[in-house]
Structure formats: structure tokens, C-alpha cells
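1. give me coordinates for this.
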Amino acid sequence: MTGGPKWLRWAAAAAAIALIAFLPWLAGDRTGGGDNAGNRASSGLDAAEEKRHKLAAVRRDAEATARLCTLECSREFRSLGADADGAKLRRLLGVHPHMAYVRIRANGGKTTEAGAMPMGGNGAWEAQLVKAESEAKAGRTYVSEPVRLDGSRYIVLGVRTADGSGTVTGIIRQDIVDEVERRQQSFLRLVPYPPEGRYKIESAKPNSTEDITVRTGEDNGAASHYHINEAVVRFRSVPTDAEMRAILKDIDGASVRKLGYAYVFTSRSMEAEELIAYFRERWNPVYAEPHYLYLANGLRKRKQDAEGAAGRPDAADGAVKARAENGADAIVPNDLLYSAYQWNLPAIGTERGWALSRGSDDIVIAVLDTGVQLDHPDLKGRIAEGVNLVGEGEPEDDVGHGTHVAGIIAATVNNGEGVAGLSWRGRIMPVKVLDSTGSGTTYSVAEGIIWATDHGADVINLSLGNYASAEFLHDAIRYAYDRGVVLVAASGNDNTDLPGYPAAYPEVFAVAATDAGDNKAPYSNYGDYIDAAAPGDAIASTYPGNQYAALSGTSMASPHVAALAGLIKAVNPDLTNGEIMDIMRKTAVDLGDKGRDIYFGYGRIDVMRALEAAEQTANTLGGFRLRYERRIEALRHRFGFGAAE
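-> Next up is the predicted model:
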């Protein structure tokens, strides 16, 4: 990463808060609220009911992810012919490491195999494979019950080859199912998260250092988290070397880090409250605040037949209706999981919207998150230059959240495999600001916002946040907004009206989540800062390991809006960020109470309506005049003339 005066001035925005990705948010259930820090109001669910929703969501996510894995593996197996050799099978296993063992048996009896059966059950494996071959030979897909062995989950899968020349059977390791379940337990606050020892942190009421003891996952819903022995300070004038030595002596300083105008001080013995008091009393800073931690969240997915042949259950009914209303102009892609799983795209008018815009190669959408699997086959050719701000090396995803968000925006459309993203063209800029725990500091997040802005991002997606507002982070938000970037953020998954940041900053488009029936998702945060809602329930997308997973939450809703912003800009590149946000608000489908409300904002986004509105701005005389005036002003600025009077 390169630095310079252009962004260092603003990088102070990053120094304050540690962030955890807003993986799909779900609900905690606090009552209360008002202006009392740390209290929250919920939208009708008590704590026990909300916990039941969360547990059910985790189960559904795990079940649906297992089915996505099975369906994708079935497709890969069917694509093989009975004449495939061992080298081809080994290449398949190299691309899909969750395939432990594959065997092809031709109708004539020839057998080709690759991989190895898991140790400890060879006899049982062979019996299952023989059964799978028998079923496949009869034209029936075979999927065994899950088998647990040495901490891993396996299934045996059998299909007939597409040309009918033989059968393909195999043993599939489905550790992704356990991973999704484990991470969702944390992201949905069913267990305390993050563990307080990880960052030497403390839990507190938002925008304060008043202690809250977090004993259960539910307790996270009204808590912010901060580094115990750190404070973030912006001075009115830069301390001299002598003054800095005096400060470090006064606070028993272990270290000091500078980013732009901001400093993060770490003390060996003083706690955050003492540090803040010291700086306010002795140095009269612009601000002194805790170094907060922001928390990640996650949610659920639906059950579906392994082969995708059965109709989508309950949640998909609205999506089927939406497709019927789309009519003959709808563009329905051939991606393997699209028709069976991706209710979300037809539900928001995407299929007809694609007739107006499928994006532009010039559009770059930054995903500030846990990174992205850079070589995922469904994201091939869609990744721009990125950066890892929390470690060494490339911005690879070691959590899964960032890859899932990226796929919602930009998974390759109409390639016959996996899922479809909202945008056929354009690129994802992976900016890794969250580490392997799904956590990061305000320092890294704000730095990521500035880096993305300086490297050409048109849109920034922020599926992350917390309930504490930091001036440093807000400075970075303003830096990006003032340079024309559209900022989109998830509102949170705690079913609370407590404002989540960065979503609640006025420069950011705040997104709530809906289900397939256009209802408020039970976990979605709400409040008067919500701009619009988007699908967030049971969203299928890309996942590390060349796999696919189903997750739910406002983290999944936000990238729908980020992608739509990119499509609008592709239709009319001369629109400002404020105008793009306004189009998304004004064309949203009104839900809930008439007009803007606290649950849906202006309503659920509609791709078709938004792109029609963008096209009108590009084609009208007024739109031409606006572009002409902006071009003249740009030329005046370029050649040193003053503004037109």
C-alpha cells in the first residue's frame, strides 16, 4: 500500500474503533431505549422468542449450506464422462478440496478413482458407495445421511453421468456446514463475541466506558467494546518530540501509533477512562475517545431439495410471484443455483432491470470486510487491486463473510455454475479490514475507506459496525463522501432502534433487511436513520474453498444496495453520490406504514424502477444540461478559472 498527503490527512478517521463484520445481523431483544446509553427498544420479540429465532436461523443456515454443497457437487459429478481419466479427477479434487474421494464406473465395468476414503471406516464407505452406484445406475441421485468421523462431517453422493455412460460416486467432506453453524453462533450473539481476551477489551454502554458484563450472546446487543488500556486522541496542534516523551512518561506508555492527525496511545497501567481524562484535562484535544471494537453478525438460509427440483418453500413464494410479474422481458440467467435458491434477485426487479443495465467495466465497488477468495471460480475476472490492512500478503478471506458479500454483488452471471451476482460487469475491490476473528480496529476500517477512495472506488460496502460513534471513523466517511463515493452500510442484526455505526452517519445509506415476503426480517435493526431495505434472508452466495453458502442478515442486504448503486452509475456516470442515493430512496417500493418509516425507511429497493429513473436523468434535456454544466465547471477548475457566476 502506498501512502501520501492525500489520505494521511484523513486516516485519523480509522484510529478509534475495533470493528467486527456485520455478518448477517440477527436480533437481541433488549427493552427500554430512549437516550439512555446502552438501552434499546425492540420491535415486539422478547428475549426467549428472539433466541428461538436465532437458533432456528442457525439450523436453517446449516441445512441450506449442506444442500448448496450437495447440489454443486452433483453438478460437477454429472459433468464427468465415464471416459474421464485419473488426471482429470485429480484436477477436480484440486479445485474442490472438499471432495475427498471420487470414483467413476463405466457401464462396461471400467473404474477410475482419485482421492482417498477417510480413515476409520473403509468397509462402511465401500458399502455406501456400492449403494450409491446402484441408485445412480437406476437414474436416481443418491445422498447419504451425514457421517461424523474425526470431527468432520461427510456424505456419500452418487449420480449418473450426463451422457448415461456410467456413474460417478464420491465422499464429500462438508466441514463448511459446521463452520457456518459455528460462525453464526457468534455472529448472531448466541455466544459472547468477541472473547474478551482476544483484544484485551472491555464491554461498555455505547459511547461511554460504563462497564457492562457480557455473560451471554444476548448481552452483546446493547454493548460496545473497547480496548482497556488504549485511547484515541486528536490534538489541536501536533505535540513536539519533548511533549510526546512527557505524555508517554505520564501515562506509563507502552506504544503510540499515528495515522494522519490521530494518535492511538497504549498504556501499561492506565485504563481507557483514566487516559481520556488525562488528555482532556492536560491537553485540551479536539477529541479523546476509547478505541472501540465493532462486532460482526450473521444469519440464516432455507431448506431446499438437494437437486433443486422441488419448488422453493414458503419464503420463496414471494419471489416466484415477482418473477411471474416480470413478464416476457425478464432475463433469467442459467447459473446452477439461481432458480432454486436466489429468490432475492427476482424479488427486487433485477431480471427486468438487467434489460436496462448490467453494469459497466468502469465501476469499482469496494468491499471492506474479511477479504475475498481471490481465485473463487465464480469471481474470476471480477477482482480489482485490493489491500490487506490487518496483516501481510493478499486480502484473502479467512472468515467467509467478505467472499459471501462479494458474490452477492459480482458473482459471474450466466456461466452455468454457482450463483448470479446483481452486476454482470464491474469489479470488486477487496479491502481486508477485519482479521480471522471477524474483528478489526477503527484504525483499519477508516484507513480502508480512505485507501478505497484514493484507489478509485465508486461505491463502498460496509457490512460491519457497532453501536458506538467515533469521530475518527466519521472523518473517513466524510472524506469518501466528499470525493463522490456512495457509502452503503448494514444497520445491524439485534432488532433494536439503537443506531448502529457507520450506518447511522448521515453520509451513509443505511440498509435494513427483508424476507421473501417483503416483511421486516425479525433480526433487522430499525430507526429513523434507515434509508431503505433489501433482501437479507437466506441469501445464497460464494464462500471460500470454491464453495457456496447461505447466510442471512443486514450484512447480506447491504451489498444488494451497493450493487444497485453501481448499476445506476453505469446508466448515468454523471450522477453524484447524493443523487444516486436519492434515486434508490425515491424508487423504493413502499412497505409498512405509508411513506418513510423506521422499519423499511423509504421501502424495499427496486432495481427496475431505479434504473428507469437513472435512464430518465441521462436522457432528459435537464440531464443533458446538468452534465454540460458539470463539464464546464470541471474545465474551469482544470484551467484555473473561477466558478461561473
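2. pLDDT weak spots in the stretch 151-300 of the chain?
-> 187-225, 260, 293-300 (pLDDT under 70).
3. what about the strands in it?
-> Counting by DSSP state E, counting those that start in this stretch, the stretch 151-300 of the chain has strands at residues 152-160, 166-173, 201-204, 224-234, 253-259, 262-267, 287-293.
4. Provide a list of residues in contact with the residue nearest to residue 611 when sequence neighbours are not counted.
-> Distance criterion C-beta to C-beta, 6 or more residues apart in numbering; nearest residue to residue 611, sequence neighbours excluded, is residue 356 at 4.2 Å. Every C-beta, even on glycine, is put in place using the N, C-alpha and C of the backbone. Taking C-beta atoms under 8 Å, 6 or more residues apart in numbering, we find residue 356 in contact with 571, 608, 611-612, 615.
5. can you redo those residues as TSV with pLDDT?
-> As requested, the contacts of residue 356 are exported to TSV (pLDDT from 0 to 100):
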residue	pLDDT
571	94
608	96
611	96
612	94
615	90
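6. now do the SS call for the residue nearest to residue 611.
-> coil (DSSP: H, G, I helix; E, B strand; the rest coil).
7. what's the domain layout of this protein?
-> Following automatic domain parsing, the chain resolves into domains at 12-80+178-620, 99-173.
8. distance to residue 90 for those - can I get that in TSV?
-> As requested, those are exported to TSV (distance: least, C-beta to C-beta, whole Å):
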stretch	distance to residue 90
domain 12-80+178-620	12
domain 99-173	5
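9. so which of the contacts of residue 356 is the closest to residue 485?
-> residue 571 (17.8 Å; C-beta to C-beta).
10. wait, the closest one sits on residue 357?
-> Yes: Residue 571 lies in contact with residue 357 (C-beta atoms under 8 Å); the separation is 4.8 Å.
11. common neighbours of these two, please.
-> Residues touching both residue 571 and residue 357 by C-beta under 8 Å, 6+ apart: 611, 614-615.
12. what's the closest of those residues to residue 288?
-> residue 614 (43.8 Å).
13. did I read that right, that closest one in a helix?
-> Yes: counting by three-state DSSP, residue 614 falls inside a helix.
14. pLDDT score for it?
-> With respect to pLDDT, residue 614 scores 94.
15. which ones are touching it?
-> Residues in contact with residue 614, defined by C-beta under 8 Å, 6+ apart, are 357, 567-568, 571-572, 575, 580, 583.
16. state the distance from it to residue 507.
-> Remark: distance between residue 614 and residue 507 (C-beta to C-beta, to the nearest Å) = 21 Å.
17. one step back: now, the contacts of residue 614 that are in helices?
-> Under the assignment DSSP state H, the contacts of residue 614 contribute 567-568, 571, 580, 583 to helices.
18. could the residues you listed be laid out in JSON lines, adding neighbour count and distance to residue 443?
-> Output for those, formatted as JSON lines (neighbours: other C-beta atoms under 10 Å; distance: C-beta to C-beta, whole Å):
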{"residue": "567", "neighbour count": "27", "distance to residue 443": "32"}
{"residue": "568", "neighbour count": "29", "distance to residue 443": "32"}
{"residue": "571", "neighbour count": "24", "distance to residue 443": "36"}
{"residue": "580", "neighbour count": "26", "distance to residue 443": "29"}
{"residue": "583", "neighbour count": "24", "distance to residue 443": "34"}
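19. for residue 389, state which of those residues is nearest.
-> Distances from residue 389 to the ones in helices among the contacts of residue 614, taken by C-beta to C-beta, are shortest for residue 580, at 26.4 Å.
20. do you know how far residue 601 is from residue 585?
-> Separation of residue 601 from residue 585 (C-beta to C-beta): 7 Å.
21. intersection of neighbour lists for the two?
-> 531-532.
22. of these two, which one has the most company?
-> Under the neighbour definition other C-beta atoms under 10 Å, residue 601 and residue 585 were set side by side, and residue 601 has more, 27 against 17.
23. and the gap between the more buried one and residue 590?
-> 10 Å.
24. and for residue 89?
-> 54 Å.
25. the two - which one has more neighbours?
-> residue 89 (22 against 13).
26. now do that one, the pLDDT please.
-> 94.
27. helix, strand or coil for the spatially closest residue to residue 390 that is not a sequence neighbour?
-> Once flanking residues are discounted, residue 390 sits nearest to residue 435: 4.6 Å by C-beta to C-beta, 6+ apart. Under three-state DSSP, the three-state class of residue 435 is coil.
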